[in-house]
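**Q** can you look at this prediction? I've put the sequence above it.
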Amino acid sequence: MQAAKLASEGGIAIRQHISILTHWKEYKKRDEHLKNFKGKLGAQFAMDTDSKAVNDACLDMLKNGKNRGKVKLPQRTGSQCYIAHAYVTKQEKYKDAEPTAIDLFKHTHCSKKNGYSEPVKEAIAAMEPIVAETGHEGQEPKSPTEVVSQVLPKSSTFLQNVGIMPANKTRSGGTSSLQVQQLQAQLEAEKQESAGLRQELDTLKTSAQEAEAKIDSLQNKQDETNALLR
């Protein structure tokens, strides 16, 4: 559990506090970044930040963080935008209870064909230890929104995109903005539903026209046959 928590906290520290250099070897040359990183972790874990083992482990995390910095978390919502997909998800799967930010993150980043991508798996794996740890040792429990906000990069607009007020935003002006987003989600979902019904109607209309044409053709053949028999 400690190893998982160390990896989770290390990833969060890299995303939120450590500059992404052009190559991970630059961290060896510019040791102020490595010292800063070890200082962040040393404040949370009982470890010798001057030991070679800790130094190597931190370098490995910085190397992995550098690689992850290039990777995006693409939405897996098909043709729907985030906010419309979130609205439909709430209507279909969460009729009796409001989904959490973590629930929506999982739903909007899961491909029906391939499931979760590796970066998404890493993000979810980083969220789970934080959820498990909150409330222990007298800590104030963190909400799912706070957990998602902590794990995702500061530049992420995921929470706003699914109509959730980010944990670090003030309430002033936020409620009206959230209501606007929710209305946009509803309108977008209804628009797509209307487009789907229109397409079904067009398909039925085409099928009816084809059936009518076949009936006319059969009727003409029957008339021709009757004419020959007279």
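**A** Everything's here; your move.

**Q** part of a helix, is Pro141?
**A** No. Assessed with DSSP: H, G, I helix; E, B strand; the rest coil, Pro141 is coil; it does not lie in a helix.

**Q** burial check on it, number of neighbours?
**A** A total of 10 residues lie near Pro141 under the criterion other Cβ atoms under 10 Å. C-beta here means a position set from N, CA and C on the backbone, and glycine is covered the same way.

**Q** distance of it relative to Met127?
**A** 14 Å (Cβ to Cβ, to the nearest Å).

**Q** give me the three-state assignment for Asp202.
**A** From three-state DSSP, the assignment for Asp202 is helix.

**Q** domain map for the protein?
**A** Domain assignment for the chain by automatic domain parsing gives 2-68, 75-230.

**Q** just give me the lowest mean pLDDT stretch among those domains.
**A** Lowest mean pLDDT of the domains of the chain: domain 2-68, a mean of 61.

**Q** backbone phi and psi for Tyr116, please?
**A** Here the main-chain torsion angles of Tyr116 (degrees, to the nearest 10) amount to phi -90, psi 140.

**Q** surely it meets Ala125?
**A** No. In this structure, Tyr116 is not within contact of Ala125 by Cβ atoms under 8 Å, at 10.1 Å.

**Q** assumed Gly163 was part of a strand.
**A** No. Going by three-state DSSP, the assignment for Gly163 is coil, not a strand.

**Q** next one: it relative to Thr108, how far apart?
**A** From Gly163 to Thr108 the distance is 12 Å (Cβ to Cβ).

**Q** can you check Tyr94 too?
**A** 13 Å.

**Q** same question for Gln219.
**A** 54 Å.

**Q** quick one, which of those two is more surrounded?
**A** Taking other Cβ under 10 Å, Gln219 and Thr108 do not tie; Thr108 has more neighbours (23 against 10).

**Q** didn't that one look like it was pressed against Val162?
**A** Yes. With contact defined as Cβ under 8 Å, Thr108 counts as touching Val162 (6.7 Å).

**Q** pull whatever helix or strand Glu128 lives in out as CSV, backbone CA atoms only.
**A** Per DSSP states H and E: Glu128 is located in helix 118-133. Extracted in CSV, the C-alpha atoms of helix 118-133 (Å, rounded to 0.1, in the frame of the first residue of the first chain):
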residue,chain,number,x,y,z
GLU,A,118,-2.8,3.0,-20.0
PRO,A,119,-2.8,6.7,-19.1
VAL,A,120,-6.4,6.4,-17.9
LYS,A,121,-5.6,3.3,-15.9
GLU,A,122,-2.7,5.2,-14.2
ALA,A,123,-5.0,8.1,-13.4
ILE,A,124,-7.6,5.8,-11.8
ALA,A,125,-4.8,3.9,-9.9
ALA,A,126,-3.6,7.2,-8.6
MET,A,127,-7.1,8.1,-7.4
GLU,A,128,-7.9,4.9,-5.6
PRO,A,129,-5.2,5.2,-2.8
ILE,A,130,-6.2,8.8,-2.1
VAL,A,131,-9.9,7.7,-1.7
ALA,A,132,-8.7,4.8,0.6
GLU,A,133,-6.5,7.0,2.7
